[in-house]
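**Student:** Prediction below, plus the sequence it came from.
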Amino acid sequence: KNKETGAMEETTYLLIAGSAVIGLLYGVFNIMALSRVPVGEHQSYHGNEFPYLSSLIGMRTEVQLVKNKETGAMEEQEVEVEPFHKNWEEVVFALNRISQAVSDGAKAFLREEYKILTVFMLCFAVVIALLVEEKLGQFWTTFAFLFGAATSIASGYIGMRIAVFANSRTAYSAINREHGLARAFIVAFRGGSVLGFCLTSLGLLNLIILIWVYNFFLLGGDYSQEDVMHMYECVAGYGLGGSTIAMFGRVGGGIFTKAADVGADLAGKVEEGLEEDDPRNPAAIADNVGDNVGDIAGMGADLFGSFAESTCAALVVAATSHELNQGGSALYFPMMITAVGILVSIVTSFFATNIMRVETESRIESTLKYQLIISTVLLTPCLYFLSVWSLPETFIFARGDIVVTVQNWHAFICIVSGLWAGLAIGFVTEYYTSHTYRPVRDIAESCRTGAATDIIYGLALGYLSCVIPTICLALTIYFSFYLAGMYGIALAAIGMLSNLSTALAIDGYGPIADNAGGMVEMIHLKSIIREKTDALDAAGNTTAAVGKGFAIGSAALVSLALFGAFITRSKMTEVNILAPLQFAGLLVGAMLPYAFSALTMKSVGKAAHEMVGEARRQFANMKRNPNYQPEYEKCVEISTKAALREMILPGMMVMLTPIIAGWLLGPKAVAGLLAGILVSGVQMATSSANSGGAWDNAKKYVEKEGIVPKSSPEFKEIKAAAVTGDTVGDPMKDTSGPSLNILVKLSAIISLVFAGFFSGEMGGILVN
């Protein structure tokens, strides 16, 4: 290499590794900022007056016979008897106790889940070593697989730990009389930022370290383009490891959280008429634990998998271009996009924490929305200069007789098309799932006539919400493929994930705010504080739905990018869906999302059945004995056992189907299978997630008296219908829908890693 090329390569390494380290340091900075927020009254920080604090303690009530002044008749009425807590120290003690219970439950579940996954990873690593490695005794793909799995586990665990660290601080910050809303928002957002920046930075840093190690030990000093292609095919194991953990994390965490949520809603809200997170509900703690293991650890592993898979797909395809293989920065361009995205996301986060002050409820959702807008706008010119600086002016991809000539500005168009398509999908998702807009309010209005019309409206909304995101994805795929072939689609996927740190920050914010609201309710503070946390939670529900839309859109592009890398590695020039083998694979692939959803939803139903039975038993004990205290740990144990038991079958179905198809029918059948999974899975994931999100926010709109006031005789029936719709939507939006993202991606990355096996002597044994 000449000096100029060598210098550029050193600069590239510095940009990628340096950005990752800066992102990790920024995550540590946010942890330090959170640690300075005390859970308890410190006058130098919170500045609350003790008479004000005492006025916030809720009153214990009991039913007594009271004489009606107008009629003189004796009537049963709820009468305030005494405060729930004698002093503020008891409030702080109760808050810390509940926070510790949530933390212990989350750690216990993840510890048991990761034990099972460790055994599975080691067994699957043996399969990779036997079927994928070129020679027995080599472990290049196997090591990358285990390294990616370990990174995914670490990312999810870090996210869970910081979430349970931030939730009690968010709850206590909301107590401040003048600035409670603003302070609680900043604490919750900083907690989400730790997840976003640590996960993205750790994933990028470990990937560049893996490539450095393989450059030194696998390639050595003298190597050909074929050697480079082989190296990145081995590196693809990193994406497979991350996505495998994501599958079980999403499914297991989703079953845990929705079993608890459905059980709490049916037994607590519908049957007993309790409010959200009422401390008398035995499933309340399990519900809060589920937010951390499902929406934090599960979502983090999901989007880490998307990042790792899209980057690996782009590297595999890039290695086939002679021009991009000439050293310098061009080959590492996909990772440089993520590196620049981390730096831009750091700048963007200051707008939420230091510039756009959240003093009113209306500012919460707009501040979070502007995070996506600002990061997208700032990234656009940065990505243009990065494309011009790091890529050669013209480079070529050749596959058989097909030759694609690409210019560096073509690559830029591919990236920004994915970036802006992600923003558009986010806005469409917000429109269909926020109770600020007409679609969700129509669902809430339909609750006047019962749960049946509520469910009909919600299903229709989910189906309709697929239209615009699908068109956005179709346009992005068309122009990206037209300009740069499969490399263009991989760049579009990375472009959609380029502001991943920001997307994860606003997504992690939601469960933290939700937990904070639950804690405020469980320590019996007055409604004025719960109103603040409910405002934060309502915005969090919408951002969670936006995050799911973002994850689904990126999953579609990532899957197609992996599909292209699979075609490249299998040395196929086309996929003819009119051929019998491919068409048969297409039909089977289109069926798999339905089978997968059936398994996961039934798992939630079975676990919720157990949860409702346990909650009913405890409610019966409470009625017999007024001093009986809820046994929260029983419900946590039910969710844990059910999740660990039920996650195995759906996960194994996803992982084994492409391997068995390739072994029996060869790579052409697998190509049809992947196309069917992609086309069917994306639509089903979108409709499931948006229907569930819309039902959830319709319920919240009813509860905040958007349809009729609580004093109305209709309110109880309308609320019951809304809760029923929300309960139906819970497994759709938090278990089946999000897990379908990983079904789409994991099938493709497994096919890519095992492509050599499918194309070899052991592949297609029934058709060869």
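**Tutor:** Okay, I see it. Just so it is clear, the model here is predicted, and its values are computed rather than measured.
**Student:** Please enumerate the strands of the stretch 1-150 of the chain.
**Tutor:** 59-67, 74-83 (DSSP state E, counting those that start in this stretch).
**Student:** ok, now the stretch 251-400 of the chain?
**Tutor:** Counting by DSSP E, counting those that start in this stretch, the strands of the stretch 251-400 of the chain are 394-399.
**Student:** any weak-confidence spans in it?
**Tutor:** 327-328, 399-400 (pLDDT under 70).
**Student:** in which helix or strand would I find the closest residue to G485 other than its chain neighbours?
**Tutor:** In this structure, G485 finds its nearest non-sequential neighbour in V404, 4.1 Å apart by Cβ to Cβ, 6 or more residues apart in numbering. Glycine gets a C-beta too; all of them are placed from N, C-alpha and C. Assigned by DSSP states H and E, V404 falls within strand 402-407.
**Student:** orientation of that strand relative to strand 394-399 in degrees?
**Tutor:** 160 degrees (axes from the mean of the first three to the mean of the last three Cα atoms, to 10 degrees).
**Student:** State the next helix or strand along the chain beyond strand 402-407.
**Tutor:** helix 408-433.
**Student:** Show the backbone phi and psi for G137.
**Tutor:** Main-chain torsions, G137, degrees, to the nearest 10: phi 100, psi -10.
**Student:** residues near it, how many?
**Tutor:** Summarising burial for G137: neighbours were counted as other Cβ atoms under 10 Å, giving 6.
**Student:** Same check on K548?
**Tutor:** K548, neighbours per other Cβ under 10 Å, totals 29.
**Student:** Excluding covalently adjacent residues, which one is nearest to it?
**Tutor:** K548's closest residue in space is A689 (Cβ to Cβ, 6+ apart), at 4.3 Å.
**Student:** Spell out which residues sit in contact with the residue positioned nearest the centre of the chain, please.
**Tutor:** Centroid-nearest residue in the chain, with Cα atoms, centre = their mean: M299, separated by 2.4 Å. By Cβ atoms under 8 Å, 6 or more residues apart in numbering, M299 lies in contact with 250, 504, 507-508, 547, 551, 738.
**Student:** what's the spacing between L15 and A339?
**Tutor:** 5 Å (Cβ to Cβ, to the nearest Å).
**Student:** Equivalent analysis for F550, please.
**Tutor:** 20 Å.
**Student:** and G241, what helix or strand is that in?
**Tutor:** Going by DSSP H and E, G241 is part of helix 225-263.
**Student:** Name the residues of that helix that are buried.
**Tutor:** Judged by neighbour count (16 or more other Cβ atoms under 10 Å), helix 225-263 contains these buried residues: 228-263.
**Student:** got the residue ranges for the strands in the stretch 551-700 of the chain?
**Tutor:** Assigned by DSSP E, counting those that start in this stretch, the stretch 551-700 of the chain shows no strands.
**Student:** in the protein, what spans have low per-residue confidence?
**Tutor:** For the chain, the ranges with pLDDT under 70 are 1-9, 41-47, 63-65, 67, 76-81, 221, 327-328, 399-400.
**Student:** still on that earlier bit, correct me if wrong: the residue nearest to G485 contacts F397.
**Tutor:** Yes: the pair V404 and F397 passes the contact test of Cβ atoms under 8 Å, sitting 4.5 Å apart.
**Student:** Give me the more crowded residue out of those two.
**Tutor:** Comparing V404 with F397 by other Cβ under 10 Å, the one with more neighbours is F397, at 22 against 19.
**Student:** From S597, how far off is the more buried one?
**Tutor:** Applying Cβ to Cβ, the value for F397 to S597 is 36 Å.
**Student:** Same question for M299.
**Tutor:** 18 Å.
**Student:** repeat for G156
**Tutor:** Distance from G156 to S597, by Cβ to Cβ: 23 Å.
**Student:** And for A551?
**Tutor:** 16 Å.
**Student:** So the two - more neighbours on which side?
**Tutor:** Neighbours were counted for A551 and for S597 using other Cβ under 10 Å; A551 has more, 31 against 23.
**Student:** secondary structure element for the closest residue to that one other than its chain neighbours?
**Tutor:** Distances taken as Cβ to Cβ, 6+ apart put N741 closest to A551, at 5.2 Å, once the chain neighbours are dropped. Taking DSSP H and E as the criterion, N741 maps to helix 737-753.
**Student:** which other helices and strands contact that helix?
**Tutor:** helix 225-263, helix 299-318, helix 527-570, helix 580-624, helix 648-665, helix 667-703 (3 or more Cβ pairs under 8 Å, 6 or more residues apart in numbering; DSSP states H and E).
**Student:** Tell me which of those helices is the most buried.
**Tutor:** Greatest average neighbour count among the helices and strands packed on helix 737-753 goes to helix 299-318 (a mean of 30), per mean count of other Cβ atoms under 10 Å.
**Student:** Output it in CSV with nothing but the alpha carbons.
**Tutor:** The C-alpha coordinates for helix 299-318 follow below in CSV (Å, rounded to 0.1, in the frame of the first residue of the first chain):
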residue,chain,number,x,y,z
MET,A,299,-35.5,-4.1,22.2
GLY,A,300,-31.8,-3.4,22.8
ALA,A,301,-30.9,-6.9,21.6
ASP,A,302,-33.3,-6.6,18.6
LEU,A,303,-31.8,-3.3,17.3
PHE,A,304,-28.2,-4.5,18.1
GLY,A,305,-29.0,-7.4,15.8
SER,A,306,-30.2,-5.1,13.1
PHE,A,307,-27.0,-3.0,13.3
ALA,A,308,-24.7,-6.1,13.3
GLU,A,309,-26.6,-7.9,10.5
SER,A,310,-26.8,-4.9,8.1
THR,A,311,-23.2,-4.0,8.6
CYS,A,312,-22.1,-7.6,8.0
ALA,A,313,-24.3,-7.8,4.9
ALA,A,314,-22.7,-4.6,3.5
LEU,A,315,-19.2,-5.9,4.2
VAL,A,316,-19.8,-9.2,2.5
VAL,A,317,-21.2,-7.5,-0.6
ALA,A,318,-18.5,-4.8,-0.5
